[in-house]
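Asks: Here is a sequence together with a model predicted from it:
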Amino acid sequence: MKPLFTRKILNNGMIVLHEKRDIPVTTIALATKIGYGFEHAKIKGISHFIEHMAFKGTEKRTAEQISSELEKVGGELNAFTSDEITVFHVKLPSRHLKLGVDVLSDIFFNPLMKKEELEKERKVIIEEIKMYHDDPKRYVLDRIKELSYKAPFGLHGIGSVETLSNMKQEHLLEFHKKNYVASNTILCIVGNNSFNEIIELIKKIPVKKGKIKNNIVVKRVSEKVTEKRNNIQQSNIVISIPAPTLVDKKRYSAQLFAAILGEGLSSRLFREIREKRGLAYAVKAYLDAGINFGTIDFYVGTEKGKEEIVKNLILEEIQKMTNLSEKELIDAKQQLIGSYEVEEEDSRNTALKFIMEELCGDASHYYDFEHKIKAVKLNDVKEFSKIKDYSYVALVPED
């Protein structure tokens with residue numbers, strides 16, 4: 001039986017999504033339709049910086065109070081920034097809905113971003129940048145984006161030491177004032193609460209009004225690099241090929257293509273590269289897509305000197321997808337649908353998926369996943385094997 005789902009646009013422009021569940025746990029997620037994909041080069045990382053600063057205090061709460069008020073009732077508070085959206089979310093017992101909405105809306109709409117806190121958090125994020133750089137796998141997964149898209153979209157989302165060092169308090173406050181307005185906000189609540197109760201709580205939230213239009217420019221490139229680094233033990237490789245955006249119905253075919261090649265122990269790449277040849281431990285393929293961009297990325301960690309062999313094997317397996325059988329496709333469909341159903345158990349996963357579907361045009365499409373996957377034809381998936389070009393990065397141990 002399909003759950004009770006409600007969508008409402010408030011008079012101030014805020015979109016409210018709600019799925020009623022008969023379990024005593026609720027996830028509340030507040031999202032602003034801005035992310036690092038919209039940022040120009042000089043302010044790259046500002047969305048992520050604001051996400052951090054939101055936890056550092058408001059007029060009503062100190063940083064310690066923000067976390068303690070929720071933790072003492074068993075709540076779990078977190079946030080993330082992506083290319084096209086920034087999301088703050090809390091999961092807590094349903095009876096504490098009022099508290100969750102109050103705290104989450106407070107940090108979302110009213111962060112102080114004091115200068116002294118900003119300076120401390122700037123150092124934290126610079127260390128985060130260094131940490132990602134020092135992690136070979138994370139580095140190549142970030143680097144492949146730079147090689148697949150022109151700047152500024154392709155630049156590292158959390159910024160650089162240079163951009164972070166140049167950001168001032170007024171830059172963050174101005175960016176927040178512009179983008180954290182009702183008409184740019186999606187609120188999603190999944191749990192055992194009534195929609196009327198939610199609306200009454202939201203009416204009490206003081207939010208800024210305003211209409212904005214942010215433009216995002218995405219231009220594809222296909223660059224290939226090999227880089228060397230000391231103090232690493234294996235080579236890390238990523239190949240990226242063009243794929244549909246999430247607003248394209250072909251996204252479901254692309255998901256199946258990626259799953260068949262690199263999702264799980266029975267995937268083609270896993271069997272060929274790891275099981276048959278022993279060339280790698282980690283083998284993975286996945287669709288990396290949003291409203292305005294899309295790639296299928298293939299990651300392998302392998303022995304130094306085997307990079308070219310592994311690269312060619314990946315490209316060969318992509319092209320061999322022309323021989324995909326109906327049975328393989330059916331198995332992959334069952335795998336994706338099953339994984340989707342397992343993830344549905346977590347109200348947080350569901351809330352975030354609702355928000356992404358709303359960004360794509362209609363949150364209720366969340367319920368269409370099984371139908372859309374089952375409707376994919378064999379030739380729809382095979383189409384992605386006809387690659388014209390690709391991006392490539394290899395990070396290899398120094399000689």
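Replies: Right, received. Where do you want to start?
Asks: got the buried residues for stretch 31-46?
Replies: Buried positions in stretch 31-46, judged by neighbour count with 16 or more other CB atoms under 10 Å: 31-39, 43-46. All C-beta atoms are positioned from the backbone trio N, CA, C, and that covers glycine.
Asks: Same question for stretch 257-271.
Replies: So for stretch 257-271, counting by 16+ other CB under 10 Å, buried means 257, 258, 259, 260, 261, 262, 263, 267, 268, 269, 270.
Asks: likewise stretch 210-217?
Replies: By neighbour count with 16+ other CB under 10 Å, stretch 210-217 contains the buried residues residue 216.
Asks: and what of stretch 165-185?
Replies: Buried positions in stretch 165-185, judged by neighbour count with 16+ other CB under 10 Å: 167, 172, 173, 175, 176, 179, 180, 181, 182, 183, 184, 185.
Asks: Now intersect these with the helices, please.
Replies: 172, 173, 175, 176, 179 (DSSP state H).
Asks: close enough to count as contact, the fourth one and residue 111?
Replies: Yes: distance between residue 176 and residue 111: 6.9 Å, which falls inside the contact criterion (CB atoms under 8 Å).
Asks: Overlap in contacts, these two.
Replies: residue 50 (CB atoms under 8 Å, 6 or more residues apart in numbering).
Asks: mind listing which of the buried residues of stretch 31-46 are in strands?
Replies: 31, 32 (DSSP state E).
Asks: Below-threshold pLDDT in the stretch 201-350 of the chain: ranges please.
Replies: Within the stretch 201-350 of the chain, no range satisfies pLDDT under 70.
Asks: For it, just list every one of the strands.
Replies: Per DSSP state E, counting those that start in this stretch, the stretch 201-350 of the chain has strands spanning 224-229, 235-242, 280-289, 294-302. These are given in chain order.
Asks: Kindly report the same for the stretch 1-150 of the chain.
Replies: 4-9, 15-20, 25-32, 76-81, 86-93.
Asks: The second one: which residues count as buried?
Replies: If I follow you right, that is strand 15-20. With burial defined by 16+ other CB under 10 Å, the residues of strand 15-20 counted as buried are 15, 16, 17, 18, 19.
Asks: name the helices or strands packed onto it?
Replies: Counting contacts by 3 or more CB pairs under 8 Å, 6 or more residues apart in numbering; DSSP states H and E, strand 15-20 is packed against strand 4-9, strand 185-191, helix 195-203, helix 347-359.
Asks: And the contacts of that strand?
Replies: By CB under 8 Å, 6+ apart, the list of residues contacting strand 15-20 reads 3-10, 185-195, 198-199, 202, 350-351, 354-355, 358, 363.
Asks: swap the cut-off to 6 Å and go again
Replies: Strand 15-20 is contacted by residues 3-9, 186-190, 195, 198, 354, 363 when judged by CB atoms under 6 Å, 6 or more residues apart in numbering.
Asks: which among the residues you listed end up buried?
Replies: Buried members of those, scored by 16+ other CB under 10 Å, are 5, 6, 186, 187, 188, 189, 190, 195, 198, 354, 363.
Asks: what residues are up against the third one?
Replies: Listed by CB under 6 Å, 6+ apart, the contact set of residue 186 reads 15, 31, 355, 358.
Asks: can you list those residues in a markdown table and add pLDDT?
Replies: Formatted as a markdown table, the contacts of residue 186 follow (pLDDT from 0 to 100):
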| residue | pLDDT |
| --- | --- |
| 15 | 97 |
| 31 | 99 |
| 355 | 99 |
| 358 | 98 |
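Asks: Dump those residues into CSV; add distance to residue 339 as well.
Replies: Shown next, in CSV, are the contacts of residue 186 (distance: CB to CB, whole Å):
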residue, distance to residue 339
15, 27
31, 23
355, 19
358, 22
